[in-house]
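1. everything below, folded, please.
(2 chains)
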Amino acid sequence: MTAPTTTAHDSWSELQTAALLGTDRRPLPGVGGSPAFTGAADAVDRTDPATALLDLAALTVVARRAGSCALPPSAVPAPADGDPRPELPEPAARRLGFLLGGRGPDTSLANLTELLPQWLAAARAHGYRLPPAHVPALLDTARARSELRPDVVALAGPLGRWLAERNTDWRFVTRTTGAGPSGETGATDDGGPAAGEQIWQEGLFAERVTHLTRLRRSDPAAGLALLRSTWATERAEDRLLFLDALQEGLSTADEEFLEAALGDRSKNVRSTAAELLSTLPGSALAARMAERAQACVRPLDGRLAVHPPAECDTAMQRDGVPLKSPTGRGQRSWWLGEIVAAAPLALWTESTGLAPEQLLRLPAREGGEADGTDWSADLREAWARAAVRQQDEAWARALLGPAPRSAGAGRAAGAPAKLLAVLPPAERAAWTAAFIRTNGLGDAFQLLGACATPWTPPLSTAVVAALERAAGSGAYPWSHSGVLGMTERALAPEAAPAVEALVADAAPDTAWADTFTRLAETLRLRAVMLAELAP
Amino acid sequence: MTGRQFLRARLSVARPSVVGMEERWSNEHVLSLAPDQASLKAAGKLSAPAPWTGAGWGGGALWGACKGSGKTPHFPCVDLSGPAYRCTCPSRKFPCKHVLGLLLLWSAGSPAVAEGAEQPEWVAEWLAKRRDAAEQKAVRQQERRESAKDDAAAARRAGQRAARVAAGAQELRLRLADGVRHGLADHASGGWEEVAARMVDAQAPGLAARARELAHTPQDGLLEEYALLHLLAGAYGRVGELPAPLAATVRTRVGFSTGAEEVLAGPTVRDRWHVLGSRDTADDRLTTRRIWLRGAKTGRPALLLSFGSPGKAPEVALPTGRVLEADMAYHPGARPLRAVLGTRYGEPEAAPPGPPAGVSPAEAVAGYGEAVADDPWLDAWPAVLGAVVPVLGPEGWQLTDGRSAVPVRRGSTPEQALWRLAAVSAGHPVTLFGEYGHAGFAPVTAWSADGRAIGLGQ
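-> Alright, predicted model coming up:
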């Protein structure tokens, strides 16, 4: 790496050639340089050419090393943008070091893998700037664990993006939406509209989706305009995902574009456009669906007269009703479900004057005859889908009903976890707690996943009590590993003493004792680490 | 007063009084004490107040009781002036996780560690025992040193070894010349292992190591290595005619070692030594720790080496960014660098805020040039680069101040650490300590904009 200097360089290559071939075959080359150097070289005894060559080479090496110069300056890149966020408190910075150092065999009791995501989410919520020295290790971790990326990218902020431009391992940074209100400072600006236009025209697919999603969040109309500008030339699979990105900031301003997309060449694009339109209650598609739904289901003397469609005409197909059920359900039942799920829910309450729970109690028979085919289950299922799509609290509450009091009784329609997600957080937690008190943890995984973290104290108490029952019943801890992992993440700090009590009561040296110890240790560390993040 | 009593009295005067001068160690410093990553991780868990009772800090010691999974707690204890550690746990790691956890808790300023506390009996006893043992050892060493002076047998042994090394060096010169005579293109790498073994027999481990290296040197680098080894072997042949400092350099490079006691018996330099960085390297048998310092008054660089067996951290640990008033004794040589720490005057203190003063890349290159003129076998010389930006180019990393640049020595620093450096810089100039040599700059410590030192070793 020594910079080539003066004439010693030429002498050196001649010396090297002579040495490679051997002084038996090659004459001793002359060396030149400064007067002092030449003087020293002349003083070398040349009786034995090999020894003389080594002497000259030694002289040259030392002269080169002693006389070498620095390289010309390299071009310095533009520095990273400043980051105005407050610095992470010192203890929290140390904790991050430990959490990141947790590679290799896991010897600690606490579950660091579960704690890191919580640390990141909390640090991000506080709006801190990370110590720069930790950012590369964090980006490496997020490269391997994609679920951490939104938080890591938001926390890493301008420095993360600057680093990602220089290290292809971290390309995901430019493709990750640092979503969420608290991460805005870190991840929204993309260096102006020109840079955005460049990403849209030249970027990788994922970068483009990210860019579109971000733009929709800040300026939905501009996002739509951007998508329109290249829509005709995009590939079908790409169109599908770009369309999906319109969910962000969806409004009636998008309706015209989506209506046009109903005529798209690709079936998947058509049905996605239809689904988006059906979530816009005032849209023309919603109105068409309402009309169809009313033709299918009519209130009649305290019951619902159901007339499922006899065919799926081209207009229905254009509005996103597929001709055939992908799961092979009967055609009429399938079409009925698709129509009711896409129709505005307000339709039913307004046309009947009944509340959702009253509507759900009405018998639904073919043609309104007492002995007609029973369509209640189909209707319930379709309404559940509509409630999730339209985020309708009243309907979701009615469909879920009170939490089942005994196992297996009155299963809620559709996917209860999805309906639950429509409700406000406190109600979600209360419903799930009631469910767990009755049914235990067996079917609770998805429900718990729909609850906001940290869990409310009553929900936490219900989970701890259920774990205690599970331990007492002789079940294996690993059959609850999903719930246990979630507990480490989400249990309320107030419930920590209850877990400590479980540790004390568990039979020593059993799998449950280990499980509870680990849980308690993780909770203890979590409490410390969250306290350290407090400003 | 007997001779022994007299010595003890003299030595105990040199012992610095530490009460009242102690300061909390930095978190980085505590981390550097860990024998391995697993210990660190385990200790991280114990760095919360929860498992601790009766923890205290006073009189140069730190102690506490740590509740574990067993019935009885463990009792770790640290002599901060050593530092030395003790714990009642059976772990073979040294220091163990309890000691590290306690140090972490303390370095974070946790109120769970009572400041200025009265030492419990078990702590005071252990400290007293350590102090006695240290004094006895010093007395024994001094006695041995004095009795060794007029040992005729030792002189005879030294003469025999010198002759054997001279014969080995002569043989090496012939082998090297033969290689050049027949051409390095025919360089058979196998032969050098055997030559290395003969140099070990000749009691010249330095020559042996260099000969062994030749077996792994790529062809375009061979002539340089041949030439420098030829120069060294030749220099030993007339070591008696060389000026004393250069002769010492030649002897050291050939493989004569100088014991720490002997070095300490020579002249010492008292200064306020700024700790610029440290780096551990480990192979199967040994962990080597290098600690670089620079005198505030003299501006002289110094390098301390200490060693530890696997699972045991090297004994000497000086926190980067601290200043230590102490006597430094240099190993003799034309370019003294390696040194032994003598009497310390107080505990390490925080360095003045901000990064240490540095030079430009061009000046660092010139500095190495001067050093290599004194010691032709010198591979690198310590340097603090003042305001440089790390830049990743097609040829690898470079450090530039806008007027000139030096390359980062390939393989000197893990890729991850270089990215850490890039993150600390973020395109802005940073102060960087490391070693510059003919193969480039090997970074050791970076100072961020807020003056914080960041180790780039691991």
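
2. mind listing the helices for the stretch 51-200 of chain A?
-> Using DSSP state H, counting those that start in this stretch, the helices found in the stretch 51-200 of chain A span residues A:90-101, A:112-126, A:135-144, A:149-164, A:172-175, A:184-187, A:192-202.

3. deepest of the ones you listed, which one?
-> Mean neighbour count (mean count of other CB atoms under 10 Å in any protein chain shown) peaks for helix A:149-164 among the helices of the stretch 51-200 of chain A, with a mean of 25. Glycine gets a C-beta too; all of them are placed from N, C-alpha and C.

4. quick one: that one to helix A:135-144, angle?
-> Between the direction of helix A:149-164 and that of helix A:135-144, the angle (axes from the mean of the first three to the mean of the last three CA atoms, to 10 degrees) works out to 130 degrees.

5. how far off centre is helix A:149-164?
-> Counting by CA atoms, centre = their mean, to the nearest Å, helix A:149-164 is centred 14 Å from the centre of its parent chain.

6. and it, anywhere near chain B?
-> Yes: under the criterion of CB under 8 Å from any CB of the partner chain, helix A:149-164 makes contact with chain B via A:159, A:162, A:163.

7. what is the nearest of these to residue A:81?
-> Proximity of the residues of helix A:149-164 next to chain B to residue A:81, judged by CB to CB, is greatest for residue A:162, which lies at 7.3 Å.

8. Provide the backbone phi and psi angles at the nearest residue to the closest one once chain neighbours are set aside.
-> What sits nearest to residue A:162 in space, not counting adjacent residues and going by CB to CB, 6 or more residues apart in numbering or on different chains, is residue A:80, at 3.5 Å. In this entry, residue A:80 is assigned phi and psi values of phi -70, psi 150 (degrees, to the nearest 10).

9. dump the residue contacts of residue A:80.
-> Neighbouring residues of residue A:80 by CB atoms under 8 Å, 6 or more residues apart in numbering or on different chains: A:158, A:159, A:161, A:162, A:163, B:426, B:427.

10. for it, report the pLDDT, please.
-> Reading off the confidence values, residue A:80 has pLDDT 93.

11. with the one 3 residues further on instead?
-> As summarised for this prediction, residue A:83 has a pLDDT of 91.

12. next: residue A:405.
-> If you check residue A:405, the pLDDT there is 57.

13. one more: the one 5 residues further on?
-> With respect to pLDDT, residue A:410 scores 48.

14. what do you get for residue A:229?
-> Residue A:229 is assigned a pLDDT of 90 by the prediction.

15. for the strand or helix carrying it, packing partners?
-> Counting by DSSP states H and E, the secondary-structure element that holds residue A:229 is helix A:220-230. Contact partners of helix A:220-230 among helices and strands, from 3 or more CB pairs under 8 Å, 6 or more residues apart in numbering or on different chains; DSSP states H and E: helix A:192-202, helix A:205-218, helix A:236-245, helix A:255-261.

16. where exactly do the strands run in chain A?
-> Here chain A has its strands, by DSSP state E, at A:297-300, A:303-306, A:364-366.

17. closest to chain B out of those?
-> Chain B lies closest, by CB to the nearest CB, to one member of the strands of chain A: strand A:364-366, at 59.3 Å.

18. residues making contact with the closest one?
-> Outside strand A:364-366, the residues touching it (CB under 8 Å, 6+ apart) are A:297, A:303-308, A:371-376, A:379.

19. pick the one among those closest to residue B:166.
-> Using CB to CB as the measure, the one of the contacts of strand A:364-366 that approaches residue B:166 most closely is residue A:379, at 104.1 Å.

20. residue contacts, the closest one?
-> With contact set as CB under 8 Å, 6+ apart, residue A:379 has these partners: A:297, A:304, A:306, A:336, A:340, A:364.

21. C-alpha coordinates for stretch B:151-164, CSV please?
-> Written as CSV, here are the backbone C-alpha positions of stretch B:151-164 (Å, rounded to 0.1, in the frame of the first residue of the first chain):
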residue,chain,number,x,y,z
ASP,B,151,26.1,-14.2,39.1
ALA,B,152,29.0,-15.5,37.0
ALA,B,153,27.0,-18.6,35.9
ALA,B,154,24.4,-16.4,34.4
ALA,B,155,27.0,-14.5,32.4
ARG,B,156,28.4,-17.7,31.1
ARG,B,157,24.9,-18.9,30.0
ALA,B,158,24.3,-15.6,28.3
GLY,B,159,27.5,-15.9,26.4
GLN,B,160,26.6,-19.4,25.2
ARG,B,161,23.2,-18.3,24.0
ALA,B,162,24.7,-15.3,22.1
ALA,B,163,27.0,-17.7,20.3
ARG,B,164,24.2,-20.0,19.4
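
22. pLDDT and distance to residue A:74 added to the residues of helix A:149-164 next to chain B, as a markdown table?
-> Shown next, in a markdown table, are those (pLDDT from 0 to 100; distance: CB to CB, whole Å):
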| residue | pLDDT | distance to residue A:74 |
| --- | --- | --- |
| A:159 | 95 | 21 |
| A:162 | 94 | 17 |
| A:163 | 95 | 18 |
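
23. low pLDDT regions in the stretch 301-450 of chain B?
-> In the predicted model of the stretch 301-450 of chain B, residues B:311 satisfy pLDDT under 70.

24. and what about the residue of it found nearest chain A, helix, strand or coil?
-> Going by CB to the nearest CB, chain A is nearest to residue B:427 of the stretch 301-450 of chain B, at 3.0 Å. What DSSP: H, G, I helix; E, B strand; the rest coil gives for residue B:427 is coil.

25. quick check, it in contact with residue A:75.
-> No: counting by CB atoms under 8 Å, no contact exists between residue B:427 and residue A:75, whose distance comes to 11.5 Å.

26. that older thread, if any of the contacts of residue A:379 are buried, give me the PyMOL selection for them.
-> With 16 or more other CB atoms under 10 Å in any protein chain shown as the criterion, this PyMOL line picks the buried residues out of the contacts of residue A:379:
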select buried, chain A and resi 297+304+306+336+340+364
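
27. and the contacts of residue A:379, which two are the farthest apart?
-> A:304 and A:336 (11.7 Å).

28. what touches both of these two?
-> Listed contacts common to residue A:304 and residue A:336 are A:375, A:379; contacts here mean CB under 8 Å, 6+ apart.

29. next, count neighbours for residue A:482.
-> For residue A:482, the count of nearby residues is 15 (other CB atoms under 10 Å in any protein chain shown).

30. so it sits against residue A:443, correct?
-> No: the pair formed by residue A:482 and residue A:443 falls short of the contact definition of CB under 8 Å, at 11.4 Å.

31. returning to what we had before: report the two of the contacts of residue A:80 separated the most.
-> Spatial extent of those (CB to CB) is set by the pair A:161 and B:427 at 12.1 Å.

32. can you pull the phi/psi pair for residue B:79?
-> In this entry, residue B:79 is assigned phi and psi values of phi -90, psi 100 (degrees, to the nearest 10).

33. my bad, residue B:52
-> Here is the backbone geometry of residue B:52 (degrees, to the nearest 10): phi -100, psi 140.

34. tell me, what's the model's pLDDT at the residue lying closest to residue A:440 once chain neighbours are set aside?
-> What sits nearest to residue A:440 in space, not counting adjacent residues and going by CB to CB, 6+ apart, is residue A:466, at 5.3 Å. If you check residue A:466, the pLDDT there is 92.

35. just give me the neighbour total for residue A:466.
-> Other residues lying near residue A:466 total 20 when counted by other CB under 10 Å.

36. what residues does the stretch 1-150 of chain B put near chain A?
-> B:27, B:31, B:37-38, B:40-42, B:44-45, B:47-48, B:50, B:104, B:108.
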